[in-house]
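K.L.:
Build me a model:
(3 chains)
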Amino acid sequence: EGSTRSFVCPYHGWTYDLEGKLRAARYLPENVDRSAYGLKRIHVQLVHGMIFINFSDNPSSLSTLQSDLDECLKPYGFERAKVAHREHYPINANWKLMVENYIECYHCAPAHREYSRSHSRQAPEAKAAGLKAAMIARAEAVGLSRKSIDCFGSSSSQSGEQYFYDRYPLYPGYKTGSEDGGPVAPLMGEIKDYDGGAADFQVGPVTYFLAYPDHTVVYRFLPQDIQETDCEVVWLVNENAEEGKDYDIDRLTWLWRVTTEADKAIVDRNQQGVNSRYYEPGPYSQMERFVIQYVEWYLNRLRSEGA
Amino acid sequence: EGSTRSFVCPYHGWTYDLEGKLRAARYLPENVDRSAYGLKRIHVQLVHGMIFINFSDNPSSLSTLQSDLDECLKPYGFERAKVAHREHYPINANWKLMVENYIECYHCAPAHREYSRSHSRQAPEAKAAGLKAAMIARAEAVGLSRKSIDCFGSSSSQSGEQYFYDRYPLYPGYKTGSEDGGPVAPLMGEIKDYDGGAADFQVGPVTYFLAYPDHTVVYRFLPQDIQETDCEVVWLVNENAEEGKDYDIDRLTWLWRVTTEADKAIVDRNQQGVNSRYYEPGPYSQMERFVIQYVEWYLNRLRSEGA
Amino acid sequence: EGSTRSFVCPYHGWTYDLEGKLRAARYLPENVDRSAYGLKRIHVQLVHGMIFINFSDNPSSLSTLQSDLDECLKPYGFERAKVAHREHYPINANWKLMVENYIECYHCAPAHREYSRSHSRQAPEAKAAGLKAAMIARAEAVGLSRKSIDCFGSSSSQSGEQYFYDRYPLYPGYKTGSEDGGPVAPLMGEIKDYDGGAADFQVGPVTYFLAYPDHTVVYRFLPQDIQETDCEVVWLVNENAEEGKDYDIDRLTWLWRVTTEADKAIVDRNQQGVNSRYYEPGPYSQMERFVIQYVEWYLNRLRSEGA
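P.N.:
Numbering: from 1, shown residues only, chains lettered A, B, ... in the order given. Modelled structure (predicted):
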């Protein structure tokens, strides 16, 4: 974060330019080839102004993802969005237990009352269908895409890229993911009004988004150790929104704070269960198809990495 | 703790009845055999109202122990006793170092002045014999058993069960294990008066008791990691005793708090010594026969488990 | 620390005399040979009143070191010096990263402004030579040795002992290693006045000293775990100096507190860098010859221990 003309190592003062080339290193013997000691190169790709880092030597390109998601993401104006808040939840569990928790909503009804009373993800099919048709009409009217893209898991995407976008309705009375259903920030990007919906979307295997008309929540699941995961949550708002005037951090972050705290409690205990000598995996329910796909995709990746 | 008609998993809401059978699991595919997904069964046995859990697939029965200890434990009324207080001491040592500490009183004189000035466990034999004869007469008069049972360690018990009961005298002036020698709670169970004695008893290899006429202290040594043990201490009193009126937590718990804190300090440092590259075991004294027996029993168990 | 006629184990009361012989052990069977259970013997050597402990079974003698350093250390009166303060810095890094940090001053200019503005270790050669000649003249006048000894690293010392002594000038205006350049304690030992210099010296591979006319700072690097090191810093002053009257702890310790805190920050992050999958060692600068020698010495020791 910030702006600089060079990077200086605080240890011995070696100085690198913005390309990562070593520009100055005091008392280095003449015969040392300075061009061999630049900063390491890492693959990055921009998706609507967000920087995605890939540590693989041979990363997939995200180009299919970008063209496919373009129409969906454009209205939110992510290139210009402002980071309103950032929270780290240390999870005492393997990262995959946390991702599996995120991608299934089988646990939403028993574990997330706050979410379930406002979001229709779990509604009976007939009811959901009616709500959805109405929301799609409104979404188009306010400038949001009606497209739904499911390239989740290994079998879905030609290029092997994993991504997903789906907009689904909130229950009547809810304009956004807030405690009272009312707006918590100015409308994002080019969105003209509330459509009564929320978008779930995903870029790659460990980054997930929840996009409302007035704010977007970003989840990153970062493995720290075998049974330790950093769950980072970032709240994005309109670039012109001012804290205290246009939004209040507590109101803005309420829903996904209480939901993430509940998930932490569940997943920490899930890890304890998995560690028990009595643990054996149970069957998946019909609401956990994403978990099944994710595990398949992951096993395929491990197999192909090993090959 | 508490009372319920069913157990509900806080993650996905699967519901089990009091027998552990899976009664409800939403959206589970029809072909899943629900009877295969009940709660795990663990062997438990009741001894005078106390639940003993055994994680072995083939646990010993405790039946010899129960009939042998019945007459000794009955007067205390454990089935109805009240948990007055519970304390956890995290020990930075292997569980076996903590058990070995508990079962030898060679360290009582140098390390536990509070215990040693009131309890005659360590008294010279001649003095102890006189005190004991007098106490036994009083014990019978107040309704306590005069029986002494030593099935400690592998060689003692036919059934392989490990248990022990022995009542021994407090020094004159001490009615119970308290700071000033005076009572700290109403008499337990059916006991009619103070006999000036205390009982040491044991059920299995990691649970130990100290029973006074007015309260009983329970020690549980629970391994948490190779060098981490939870020492749980529970204080039991008469079921009708009321805190603040009939007993005061600080007075009730004083002796075994100061004694356990001293033991924690000793045992934590003992583990540090054992971890030293200079460590070599020393000889046992004549007051450590229980440790010798325990180690023999444990090695025999390891050998037979491995066979 | 302190004074005693015997050592008593707080566990079972075994008592040892000041030679480490077991003098008393209650209830030990008659046939136990008490002479076999004395305290363990460890090799120690005194260097000007400082006790050096060597855990090797076959320690080098320090005799060459002692005769070589005698003239240099004598003036400071270490035999009588007083410990004014002691600080422990827990370093989240391997001990060798911390030693390497200590023995190179390539990082002093970028990382230690407080040190660099007063100490000429890093001054351009021509400037340093002039300052040094003037300081040596003053050093001899105030009773300090002009000797410089470099037995650092494997190739330097006949006996394999590793030691070093070098006195170098402070910049004009600095009498000692203090924030304002003024004295922070009475002169040590037999030193008659300030010579405007500071001595770096070393006894063995993990103990380093900074000696000013009015105080000496001792660094000990004690490995606790693979990536955990205790950096102990001890401040020595004249035996007659009184806290509050002759010295103030904050003023006395200021320079090496801020410097050690900066080093901790650097070295902790250095370890994080070394742990990265992208880590590869870089070339040494011309100011890091001690690190090169140290690594050579260490590798030779590992090879000879393994043989």
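K.L.:
From here on, just use CA atoms for contacts and neighbour counts.
P.N.:
OK.
K.L.:
dump the residue contacts of the residue in the stretch 201-307 of chain A positioned nearest to chain B.
P.N.:
Residue nearest to chain B within the stretch 201-307 of chain A: A:Ser285 (4.5 Å; C-alpha to the nearest C-alpha). Shown in contact with A:Ser285 (C-alpha atoms under 8 Å, 6 or more residues apart in numbering or on different chains): A:106, B:26-29.
K.L.:
Show me which residues of chain A sit near chain B.
P.N.:
A:106-111, A:266, A:278, A:282-287 (C-alpha under 8 Å from any C-alpha of the partner chain).
K.L.:
Give me the buried entries from these.
P.N.:
Buried members of the residues of chain A next to chain B, scored by 16 or more other C-alpha atoms under 10 Å in any protein chain shown, are A:106-111, A:266, A:285, A:287.
K.L.:
Apart from its chain neighbours, what residue comes closest to whichever residue of the stretch 101-250 of chain A sits closest to chain C?
P.N.:
Of all residues in the stretch 101-250 of chain A, A:Gln224 sits closest to chain C, at 12.4 Å by C-alpha to the nearest C-alpha. Spatial nearest neighbour of A:Gln224, chain neighbours left out: A:Asp230 (6.5 Å); criterion: C-alpha to C-alpha, 6 or more residues apart in numbering or on different chains.
K.L.:
Spell out which helix or strand contains that neighbour, please.
P.N.:
strand A:228-237 (DSSP states H and E).
K.L.:
Paired strands for that strand, with orientation please.
P.N.:
strand A:82-91 (antiparallel), strand A:216-225 (antiparallel) (DSSP bridges).
K.L.:
List the buried residues in the last one.
P.N.:
Looking back up the chat, that one is strand A:216-225. By neighbour count with 16+ other C-alpha under 10 Å, strand A:216-225 contains the buried residues A:216-223.
K.L.:
JSON lines for those, including pLDDT?
P.N.:
As requested, the buried residues of strand A:216-225 are exported to JSON lines (pLDDT from 0 to 100):
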{"residue": "A:Thr216", "pLDDT": "98"}
{"residue": "A:Val217", "pLDDT": "98"}
{"residue": "A:Val218", "pLDDT": "98"}
{"residue": "A:Tyr219", "pLDDT": "98"}
{"residue": "A:Arg220", "pLDDT": "98"}
{"residue": "A:Phe221", "pLDDT": "98"}
{"residue": "A:Leu222", "pLDDT": "96"}
{"residue": "A:Pro223", "pLDDT": "96"}
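K.L.:
what's around A:Arg34, how many residues?
P.N.:
Applying other C-alpha atoms under 10 Å in any protein chain shown, we find 16 residues neighbouring A:Arg34.
K.L.:
Kindly report the same for the one 4 residues further on.
P.N.:
Under the neighbour criterion other C-alpha under 10 Å, A:Gly38 is assigned a count of 16.
K.L.:
One more: the one 4 residues further on?
P.N.:
Burial of A:Ile42, expressed as a neighbour count using other C-alpha under 10 Å, amounts to 10.
K.L.:
cool, A:Asp17 as well?
P.N.:
16.
K.L.:
just curious, which of the contacts of A:Ser285 is nearest to chain C?
P.N.:
A:Tyr106 (37.3 Å).
K.L.:
In contact with the closest residue to that closest one other than its chain neighbours, which residues?
P.N.:
Spatial nearest neighbour of A:Tyr106, excluding adjacent residues (C-alpha to C-alpha, 6+ apart): A:Met287 at 5.5 Å. By C-alpha under 8 Å, 6+ apart, the residues touching A:Met287 are A:104-106, B:27.
K.L.:
Equivalent analysis for A:Ile292, please.
P.N.:
Neighbours of A:Ile292 in contact, by C-alpha under 8 Å, 6+ apart: A:Tyr284.
K.L.:
Only alpha carbons, please: show whichever helix or strand it is part of as PDB.
P.N.:
Here A:Ile292, judged by DSSP H and E, is contained in helix A:289-306. Output in PDB follows, covering the C-alpha atoms of helix A:289-306 (Å, rounded to 0.1, in the frame of the first residue of the first chain):
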ATOM      1  CA  ARG A 289     -22.800 -30.400  -4.500                       C
ATOM      2  CA  PHE A 290     -20.200 -27.600  -4.500                       C
ATOM      3  CA  VAL A 291     -18.200 -29.400  -1.800                       C
ATOM      4  CA  ILE A 292     -18.300 -32.700  -3.800                       C
ATOM      5  CA  GLN A 293     -17.100 -30.800  -7.000                       C
ATOM      6  CA  TYR A 294     -14.400 -28.900  -5.000                       C
ATOM      7  CA  VAL A 295     -13.000 -32.100  -3.500                       C
ATOM      8  CA  GLU A 296     -13.000 -33.700  -7.000                       C
ATOM      9  CA  TRP A 297     -11.200 -30.700  -8.500                       C
ATOM     10  CA  TYR A 298      -8.700 -30.600  -5.700                       C
ATOM     11  CA  LEU A 299      -7.900 -34.300  -5.900                       C
ATOM     12  CA  ASN A 300      -7.500 -33.900  -9.700                       C
ATOM     13  CA  ARG A 301      -5.000 -31.000  -9.100                       C
ATOM     14  CA  LEU A 302      -3.000 -33.100  -6.600                       C
ATOM     15  CA  ARG A 303      -2.900 -36.000  -9.100                       C
ATOM     16  CA  SER A 304      -1.800 -33.800 -12.000                       C
ATOM     17  CA  GLU A 305       0.800 -31.900  -9.800                       C
ATOM     18  CA  GLY A 306       2.200 -35.200  -8.700                       C
END
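K.L.:
What residues of it count as buried?
P.N.:
A:290-291, A:293-295, A:297-298.
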